[in-house]
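Colleague: After the sequence you'll find the predicted model.
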Amino acid sequence: MVQISYKLTKDELYKGLVDNSNTRVITKVLRIFGSVLLAVMLYLTTVNIINGINYFSMGYAFPMFLGAYLVFLPEATAKMQVPNLIKTKNPFTENVIVRIDRAGFRTKGETFSNSHSWDSVHSIVETKDSYLLKPTESTVTVLPKRVFTTEQTDEFKTIVASVTGPVVKMN
């Protein structure tokens, strides 16, 4: 069993939200669509400038803005959410105790308590700075790597390697 206690920093909360969003299929689809839209609009704008057409309207500005927004959607959304999550007493900003064992994981904060068995968990993802335990595709428990000792990291990875049910993406 691994037990850790932590409180997410503002930076960890931002990165956790972005990382969670980046693991979702819809985010990848929107990013591809936004990239194509942005490329087409930049091409059309360049052709118009070369041909001497300097008339730009919302017909050009809106698709370019939309394309850029879709490409940077996770970052923009997290940037807007984090200050509000920190101002309000949100479970993301509480001191949290997480217990991880072969049966599942339990999280306990100041205002909440959750328990998940591994067979009901959607996925477990390792990122550069954290581990994401995702009960569903859109919800996440962010575990910062900084709070794990070397022994806890080894035990956590051993537990995760033995679980069945969730999609596991570990480095």
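Modeller: It's in.
Colleague: So for Glu126, what's the nearest residue that isn't a sequence neighbour?
Modeller: Once flanking residues are discounted, Glu126 sits nearest to Met170: 4.5 Å by CB to CB, 6 or more residues apart in numbering. All C-beta spots, glycine's among them, are computed from the backbone N, C-alpha and C.
Colleague: Please name the spatially closest residue to Leu73 (chain neighbours excluded).
Modeller: Of all residues not flanking Leu73 in the chain, Leu30 sits nearest, at 5.9 Å (CB to CB, 6+ apart).
Colleague: State the next helix or strand along the chain beyond the helix or strand containing that neighbour.
Modeller: Assessed by DSSP states H and E, Leu30 sits inside helix 25-50. Per DSSP H and E, the first helix or strand lying C-terminal to helix 25-50 is helix 58-71.
Colleague: Could you pull up the mean pLDDT of that next one?
Modeller: For helix 58-71, mean pLDDT is 90.
Colleague: what comes up buried for it?
Modeller: When burial is assessed from 16 or more other CB atoms under 10 Å, helix 58-71 yields the following buried residues: Met64, Gly67, Ala68, Leu70, Val71.
Colleague: what's it packed up against?
Modeller: Secondary-structure packing of helix 58-71 (3 or more CB pairs under 8 Å, 6 or more residues apart in numbering; DSSP states H and E): helix 25-50.
Colleague: the inter-axis angle of the helix it packs on versus helix 58-71?
Modeller: Here helix 25-50 points in a direction 140 degrees away from that of helix 58-71 (axes from the mean of the first three to the mean of the last three CA atoms, to 10 degrees).
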